[in-house]
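Q: For reference, the sequence and a predicted model appear below.
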Amino acid sequence: MRKTMIDRTGFGNLILGSFCAVIAATGAGVAQQQYGTATSQDSAAQQQSQVAQEQAVRKAYSDNVSKTYNYRFGKDKPSLPGRAAAEGDGFLEPGAFPNAKYCAHCHQEAYSQWRQALHSNAFRTPFYRTSVNILINTKGIEFARHCDSCHNPVAVLGGGLTQDSQVDHVFDQDGLTCMTCHSIQSV
Ligand code: HEC
Ligand code: HEC
Ligand code: HEC
């Protein structure tokens, strides 16, 4: 996991100072100890090229989603009528969010608490599915961006809430996943 990943996700300016002691790199790119990688020794050039590569991956993903995306509520506000937003331009590939199982490698207690709580099930409880499906069937899936901005934000940020979406919804099972809270930049 890299700091850039944290920077790229997030909902907009409640700045979370340091995210995780292991990955926190504050200020001007002060790289700290990383998970078993040698990133602390990475040169600035290497970090720059990694950022460029991530931006290219995001742009390719976003351009592809844009081709068939329903921009009913405005080209510049793809999440509307939902409020979730990611920093930077375009849709964010769901793979940019490390999943909860990844965090569980080190944070087992947080993981099991979360797994048993409503947050992890925010998308998949029968109550939710039933009510959001009423909305989808009567108004259209683009309206579900409102609900999923809280109940399944990765789907909204990834551009998955549009007709005939090709986005792989593997993240549905995590609902409000660790990274959706732990990458918030503002509310
Ligand atoms: C390889 C192990 C490892 C992984 C994987 C990992 N963390 Fe951490 N995390 C740590 C360690 C070590 C600390 C520091 C613990 C401490 O300070 O008590 C920490 C601290 C944190 C903190 C507390 C930061 C603070 O300021 O108190 C949060 C929140 C956190 N991690 C979230 C996450 C999330 C979310 C993920 C998955 C995206 C994740 N971590 C993945 C090892 C890991
Ligand atoms: C601003 C965030 C937010 C938005 C937007 C939102 N919800 Fe929720 N929703 C929540 C929270 C938080 C809970 C849990 C409340 C509790 O348990 O006290 C919840 C709970 C629910 C539940 C109960 C789930 C259960 O299994 O108990 C349903 C159903 C639901 N929401 C449907 C919707 C629908 C449909 C929409 C869109 C029309 C929507 N929500 C929009 C935050 C939101
Ligand atoms: C709904 C938002 C939300 C989700 C989802 C969430 N967290 Fe947190 N987490 C918080 C907040 C807020 C705090 C700080 C408040 C506190 O300490 O109780 C926190 C604190 C932490 C801490 C540091 C304090 C502690 O209890 O050890 C760790 C580690 C952590 N979370 C890991 C995770 C992991 C791993 C996941 C997913 C399995 C996760 N969180 C999911 C909001 C969230």
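A: Ah, there it is. Ligands and ions are numbered 1, 2, ... in the order given.
Q: ranges for the helices of the chain?
A: Ranges of helices in the chain, per DSSP state H, are 3-8, 44-66, 100-104, 108-116, 126-138, 144-151, 153-157, 178-181.
Q: Dump the second one to CSV, restricted to CA.
A: It refers to helix 44-66. Only the C-alpha atoms of helix 44-66 are listed here, as CSV (Å, rounded to 0.1, in the frame of the first residue of the first chain):
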residue,chain,number,x,y,z
ALA,A,44,11.9,10.6,-5.8
ALA,A,45,12.1,9.7,-9.5
GLN,A,46,10.8,6.2,-8.8
GLN,A,47,8.0,7.6,-6.8
GLN,A,48,7.1,10.1,-9.5
SER,A,49,7.0,7.4,-12.1
GLN,A,50,4.8,5.3,-9.9
VAL,A,51,2.4,8.2,-9.5
ALA,A,52,2.4,8.7,-13.3
GLN,A,53,1.7,5.1,-13.8
GLU,A,54,-1.2,5.1,-11.4
GLN,A,55,-2.6,8.2,-13.1
ALA,A,56,-2.4,6.4,-16.4
VAL,A,57,-4.2,3.4,-15.1
ARG,A,58,-6.9,5.5,-13.7
LYS,A,59,-7.3,7.5,-16.9
ALA,A,60,-7.6,4.4,-19.0
TYR,A,61,-10.2,3.0,-16.6
SER,A,62,-12.1,6.2,-16.4
ASP,A,63,-12.1,6.8,-20.2
ASN,A,64,-13.5,3.4,-20.7
VAL,A,65,-16.3,3.8,-18.2
SER,A,66,-17.1,7.2,-19.5
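Q: can you tell me how far the residue nearest the centre of the chain sits from K67?
A: What sits nearest the mean C-alpha location of the chain, by CA atoms, centre = their mean, is V154, with 4.4 Å. For V154, the distance to K67 (CB to CB, to the nearest Å) stands at 20 Å. For every residue, glycine as well, the C-beta is placed using N, CA and C.
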